[in-house]
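> turn this into a model:
(3 chains)
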Amino acid sequence: MSQVVIKDKIPREELMASGHVACPGCGGTLAMRLVLKGLGPKTIVTLPACCWTIISGPFPQSALSVPLLHTAFETTAATASGVRAALDMQGDKDTTVLAWAGDGGTFDIGLQALSGAAERNEDILYVCYDNEAYMNTGIQRSSATPWGAWTTTTPVGTPKSHPKKDLIAILAAHRVPYAATATVAHPVDLVEKVQKAKATRGTKFIHVLAPCPPGWKTSDEETIELARMAVRSRVFPLYEVENGQRWRLTGDHPGDPVEPYIRKQGRFRHLTPDQIRVIQADVDQRWELLMRRVEYGA
Amino acid sequence: MPEDRDIAHGVPPIAVSSTSTLANRTGSWKYIRPIYQDMVAPCNAACPVGIDIEGYMNLLREGKVAEARDLLLRENPMPAVTGRVCDHPCQTHCNRAFFDDAVAIHAVERMLGDLEPEVRVPIPPRTRKEKVAVVGSGPAGLACAYPLARLGYAVTVFESDPEPGGALRYGIPEYRLPRNVLVREIERIRAQGVVIQCGVQVGKGTPWKQLQSYDAMFIATGARVSRPLALAGGEVADVRPGLDFLREVEGGERRTIGRRVVVVGGTDTAVDCARTALRLGAEPVVVCQGTRADLTANAEAVEEAIREGVRFEFKVWPVGVQTARHTEQEPPLEAIRTMYAEREERERLTGVECVRMTPGEADASGARRALPVQGTNFVIPADLMLTALGEEPDLAFLPPEVTRKDYTVIADEFGRNHPGVFAGGDITGQPRTVAHSLGSGKRAAIGIDRYLRERAGEKIADGDPAALRFGGTGNFSITRWRDDDPIRRQSPVNEVVPFEKLNMAHFASVPGKTDRHRSFEERRSSFAEANLGLTTNEALAEARRCFNCGVCNMCELCLIFCPDVAIKRHPSGHAFSLSYKYCKGCGVCVEECPRGAMTMTREGL
Amino acid sequence: MKKVIMGNHAVSWGVRLSRAEVIAAYPITPQTQVVEELSEMCASGALNARFIKVEGEHSAMAACVGAASAGARTFTATSAQGLALMHEMLHWAGNARLPIVMADINRAMAPGWTVWTDQNDSLSQRDTGWLQFYCESNQEVLDTTVQAFKIAEIVDLPVMIVLDAFYLSHTYEPVDIPEQAEVDAFLPKRVARYKLDVNDPHSFGALAPPPVYMEMRLRQQEAMEQALKVVDEVDEEWGRRFGRRYGAVESYRTEGAELVLVVSSTITSTARYVVDQLREKGEKVGLVKARLFRPFPTEAMRRALAGVPHVAVLDRNISPGHCGIFAEEIRAALYDLADGRRPKIHGYIIGLGGRDVKPENIIDCIDRTRETAKSGKPMPREAGWVGVQP
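Take a look at the predicted model:
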């Protein structure tokens, strides 16, 4: 059928329960649900302060049917390294250690621990679900917030004036075996990348775009469409990097203009046409850079 | 884990979990909720026959070819015909056209119609004691007889022509509708136990009184009286109604005709005459008052005609004929005898005098009458002129019970004008197409069934007739009348699903397949079928392009994209369970549903 | 087996004999030899453990939290700035009730930069839910390290072993290293009561709202109270097996004393020498060694000091704006003693930043105490800071 049928490519087992307390339409929840489907029940999750701390439910509840270790904000990768070491000493080669953190806990406060783990090539899968701000604490800017966006610490008068950090490039510089981007609108791509990561030894990193209705000022039902638009407009291309050297695209990027994507989000409502042109130029330039990397590597 | 035993002061020593979040009824957060609500596909609503097109496309997608064919045949007794000659408003309304190309529904219908049934189906049992008479074996009459027989009635069709089919046989040439195809379609109707008596002219040879023993009567005698053309020059033998010409060719006349043939009119009949004449060796010219856009003929047929070599003169109208007594000009090519007279001394047509036309002022109704432009007269050489200005029904032979007004019969689906007397097809005021006639016959069948059941004392629920129509505005559906939909539709609502409700992101663009045609060289000299259609596999591929608008096909995108895991597969395997206990009403499922089979509603909260 | 080893290596040996499984550590002077020796032990296979060379101390403790949560026996070591950096995670380990063992090489806090000893770094962590042992000798360091794992795993609380920078860490002393089999008999494999287990999945450390948080803290406090008993039991068992006992609190020649010094860490050795000297001269002076600081051994401290007229507490630390921390805690512990049984407490700040504490400095404290006792007036603050320039 010309519908792209995906149901047979998404593992059926649910490892996340209903009743979690995420906002309606939360991209981060769908990200967890899909990643756990890709990994299966032999998974242990380390989780710092972030939306998921709350989403997973207060004591004595847990939304996950896999073990979950809550940990301090900056420590996700370090805690995961410790869990991995203990499992290794127990002779467990099957269980995946999943370090699961938001953009704040990855791009900013957690970057040191991530860099340390990546440099040591710890055998963990680190997934950053990126809603592009400190959403759990009420929408403050992070270094993952895109240029021009409103947040409570970059109000309309002084929107975010620095570009989004290129985290995959940072991971690639560590020469980790596998780093990739993914979104919740491309579930098969995400699950395949997770499974590829699971089969790889060493540090694996997946950067998942997870739209956030309250933080992006969008309507609840638009979460998937936003992620799709982000990919189609090349704002958030889908690609993977092996050993920091081989870059490969994994999706279709027709290069739709960014403006409709921008205009769909209230956090960009204040932008002028000139500013949107700046964003378009930046997207085009980053795409060119990515194309060079795909062609020449490293 | 010792947490069950290691409780002191009501808590374990650390914040270790012992339950899941299932304890939280997050469904209480919502102020709006999603529901599975199948809607009507626009093709279904647009079809004048009232076919569950979306339904059979769905079955084909599942590989259930026999079931798809059965569903089609419930509503349309002659899919091999309509697949060929209908101008497919279904395709015009197909939502896929907004994405890439409309699904070639006609080709799928034709393919299903052409399929040999695997099993001979037995004659439906006579479960009703009533008898129904149908006058006219054109599409309307046959489409009335067929479902009535399947509903258990004894049906007899009275046909004045020597062969059944009406306009299908005598109005549509063979190269558009091969006769073996027509015969098979009619045979299918006979196979329901319908008796067709040919050569019987009710109202002329056979009195209407003879039909009084029937419990109900359906009159569908069509419109065959060609409208005349007023011309200076009086009656000339070489000026004939186009319908008569086609009838004679159908009767086997294949004699060569004059090379130069002029056809007057912009109707399907006009185009059929021209293409038929072409195949008999002529160089036809079609003269029309308006532009190409004003033609009432099937657009594809016009296109084919032009490419076969038929010349059209637009904005031209005949004002007179030129004749000659002597055969001064020999047609240059082969030896010719005119079709209608031996070579003898008589008035023979040599040309048609025409004048150029221009659209005039719009009148009160907004219509613009074409007006002749002074001084633009010219002559088109012609050996034969055929008129095709439309047809009128002959109402003279009808019984007085049949209500009429302005040369048409007032048809009532429920026989209320006169109990037991129903009418349909071209003699009523509906559009003059095969599909509309088929649809009209079916409506009458439902009306007759209802009338007879009520007369027999059965209680029939007084529902809104619009509920029987696809989308409320389409044609009646036998399935809806019988309330035995083989397609699992979830809480269906009788509204058409608009394109905006679909989600194109989940479809890959696949261009549509176009029918194969015989080469023009072959076509010019042969009455073999010009349009070869698609192969079975190509037609099945077209069926797979169908979006299945408005009807859930269990693609599971709703389940996959739900952030709250609130959608699960129902144990039956044919539906989803949506847990409102946990659903927060975010609406992602409805937004992502590719075919608009889900809706957000505030009802029930 | 008797070996002459430095204090840091005594830690390493203790960790090796305890069969720690996961070590995560970051180098800092003067801790480095602890981890270097452990690296060698891991590399040679003498110790079967994963050593995670983390990129910072905060990550070191985070990795220990992760490993301990997954059921492993874990260890780390640090000092001063590193310990301070770990502070958030010390709370985490304490509240998560993880039996992590850590050696802290007592080093003064910067700025100005310093690598020499005082106790402010470890005492700043007193509220994090860790047990703290202050060690006097390399033998005690090794013995206490092994005991620490046992105690920790019984009460599910983390344990810190504290030793002075350079005076102990880098000083070579003869140490009787027990046989592995003997230690195995004393310390079996860890069986975690709660752990990350894919066959029995739970979440750990989720949101604990007001209705439950306090009870969990109460349970932690109860574990600390239980730890007092466990420390004694383990000490007694160690004495039986290895012939050495230390106690939470040790009294030395306090019979009939009119003045008792309260000391800790290496100052204790010097103070023993001073006490012996003074006793030779007939002076009724004794000392109490404060070994266990958390849980605070209130009962033991009362038993040791009740009825002693004057107690001079020597603090190699200061809580700015208040006083020496041992002094403050002892005053609080003795407050409820009946009138007449409650000693007068005299606090002295001594040896901050690694300044040497010589016998004459200790005698100085004794003299000042006697002066204050005679004058009846409170001691001026300047008198409480020993050896500083006026």
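> which parts of chain C are helices?
C:7-17, C:32-44, C:57-69, C:80-85, C:87-95, C:120-123, C:138-155, C:180-186, C:210-242, C:267-280, C:298-305, C:325-334, C:359-375, C:381-384 (DSSP state H).
> and the second one, how far from the chain's centre?
Think helix C:32-44. Helix C:32-44 has its average C-alpha position 22 Å from the chain's average C-alpha position, going by CA atoms, centre = their mean, to the nearest Å.
> got the angle between that helix and helix C:7-17?
Orientation of helix C:32-44 against helix C:7-17 (axes from the mean of the first three to the mean of the last three CA atoms, to 10 degrees) gives an angle of 40 degrees.
> how big is the angle separating helix C:32-44 from helix C:57-69?
Here helix C:32-44 runs at an angle of 50 degrees relative to helix C:57-69 (the same axes, to 10 degrees).
> now the longest one
Inter-element angle recorded for helix C:210-242 and helix C:57-69: 80 degrees (by the same axes, to 10 degrees).
> for helix C:210-242, list every residue counted as buried.
By neighbour count with 16 or more other CB atoms under 10 Å in any protein chain shown, helix C:210-242 contains the buried residues C:212, C:215-216, C:219-220, C:223-224, C:227-228, C:230-232, C:234-235, C:238, C:242. C-beta: built from backbone N, CA, C; applies to glycine.
> kindly report the same for stretch B:184-197.
For stretch B:184-197, the neighbour count (16+ other CB under 10 Å) marks B:184-186, B:188-194, B:196 as buried.
> kindly report the same for stretch A:120-133.
Neighbour counts over stretch A:120-133 (16+ other CB under 10 Å) mark A:120, A:122-133 as buried.
> would you turn those residues into TSV with pLDDT, secondary structure and distance to chain C?
TSV is the format used below for those (pLDDT from 0 to 100; DSSP: H, G, I helix; E, B strand; the rest coil; distance: CB to the nearest CB, whole Å):
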residue	pLDDT	secondary structure	distance to chain C
A:120	98	coil	7
A:122	98	coil	8
A:123	98	coil	11
A:124	98	coil	10
A:125	98	strand	14
A:126	98	strand	13
A:127	98	strand	16
A:128	98	strand	17
A:129	97	strand	17
A:130	97	strand	22
A:131	97	coil	20
A:132	97	coil	24
A:133	95	coil	21
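> thinking again about what came up before, nearest to residue A:23, of the helices of chain C?
Set against residue A:23 and scored by CB to CB, the helices of chain C come closest in helix C:210-242, at 23.7 Å.
> what helices and strands are in contact with that closest one?
Packing partners of helix C:210-242 (3 or more CB pairs under 8 Å, 6 or more residues apart in numbering or on different chains; DSSP states H and E): helix C:87-95, strand C:131-134, helix C:138-155, helix C:180-186, strand C:292-294.
> the inter-axis angle of it versus helix C:298-305?
What separates the directions of helix C:210-242 and helix C:298-305 is an angle of 50 degrees, with the same axes, to 10 degrees.
> report the distance from helix C:210-242 to the chain centre.
Distance, centroid of helix C:210-242 to centroid of chain: 15 Å (CA atoms, centre = their mean).
> okay, angle between it and helix C:87-95 too, please.
With the same axes, to 10 degrees defining the directions, helix C:210-242 sits at 80 degrees from helix C:87-95.
> pLDDT of helix C:210-242, averaged?
Taken as a whole, helix C:210-242 carries a mean pLDDT of 97.
> need the max-distance pair from the buried residues of stretch A:120-133.
Largest separation among the buried residues of stretch A:120-133 by CB to CB: A:123 and A:133, giving 30.6 Å.
> what's the nearest residue to residue B:436 if we skip its chain neighbours?
Distance criterion CB to CB, 6 or more residues apart in numbering or on different chains; nearest residue to residue B:436, sequence neighbours excluded, is residue B:48 at 4.5 Å.
> any idea which helix or strand carries that neighbour?
Using DSSP states H and E, residue B:48 falls within no helix or strand.
> the residue nearest to residue A:220 when sequence neighbours are not counted: neighbour count?
Nearest residue to residue A:220, sequence neighbours excluded (CB to CB, 6+ apart): residue A:25, at 3.4 Å. Using other CB atoms under 10 Å in any protein chain shown, residue A:25 has 27 other residues around it.
> for residue A:25, list the residues it contacts.
By CB atoms under 8 Å, 6 or more residues apart in numbering or on different chains, the contact list for residue A:25 reads A:213, A:219-223, B:563, B:584, B:586-588.
> cutoff 10 Å now
Residues in contact with residue A:25 (CB atoms under 10 Å, 6 or more residues apart in numbering or on different chains) are A:211-214, A:218-224, A:226, B:563-564, B:584-588, B:591.
> for the buried residues of helix C:210-242, which one is nearest residue A:44?
Nearest to residue A:44 among the buried residues of helix C:210-242, with distances taken as CB to CB, is residue C:216, at 22.6 Å.
> from memory that closest one sits against residue A:60, does it?
No: judged on CB atoms under 10 Å, residue C:216 makes no contact with residue A:60 at a distance of 11.5 Å.
> pull up the overlap in contacts between these two.
B:11-12, B:15, C:208.
> biggest separation within those residues, which pair?
Greatest spacing in these, by CB to CB: B:12 and C:208 (10.7 Å).
> who has more neighbours, the two?
Set residue B:12 next to residue C:208 and count neighbours by other CB under 10 Å: residue B:12 wins out with 26 against 19.
> about what we covered before: spit out the residues that contact residue B:12 and residue C:208 alike.
A:59-60, C:215-216.
> distance of the closest residue to chain C within the stretch 151-298 of chain A relative to residue A:73?
Proximity of the stretch 151-298 of chain A to chain C (CB to the nearest CB) peaks at residue A:174, 11.8 Å away. Using CB to CB, to the nearest Å, residue A:174 is found at 21 Å from residue A:73.
> could you find the closest non-adjacent residue to the spatially most central residue of chain B?
Nearest residue to the geometric centre of chain B (CA atoms, centre = their mean): residue B:435, 3.3 Å. Nearest non-adjacent residue to residue B:435, counting by CB to CB, 6+ apart: residue B:48, 4.1 Å away.
> quick one: that neighbour and residue B:90 touch, right?
Yes: look at residue B:48 against residue B:90 with CB under 10 Å: they come within range, at 9.3 Å.
> those two: which is more packed in?
Neighbours were counted for residue B:48 and for residue B:90 using other CB under 10 Å; residue B:90 has more, 28 against 22.
> that one touches residue B:96, doesn't it?
No: here residue B:90 does not reach residue B:96: they are 11.0 Å apart, not a contact under CB under 10 Å.
> give me the neighbour count for the closest residue to chain B within the stretch 151-298 of chain A.
Scanning the stretch 151-298 of chain A for proximity to chain B using CB to the nearest CB identifies residue A:221 as nearest, at 3.2 Å. If you count neighbours by other CB under 10 Å, residue A:221 ends up with 21.
> list the contacts of it.
Going by CB under 10 Å, 6+ apart, residue A:221 touches A:24-25, A:213, B:32, B:34, B:585-592, B:600.
> ok, residue 188 - contacts?
Went with chain A since none was named. A:4, A:6-10, A:34, B:560.
> please refer instead to chain C.
Shown in contact with residue C:188 (CB under 10 Å, 6+ apart): C:19, C:150, C:153.
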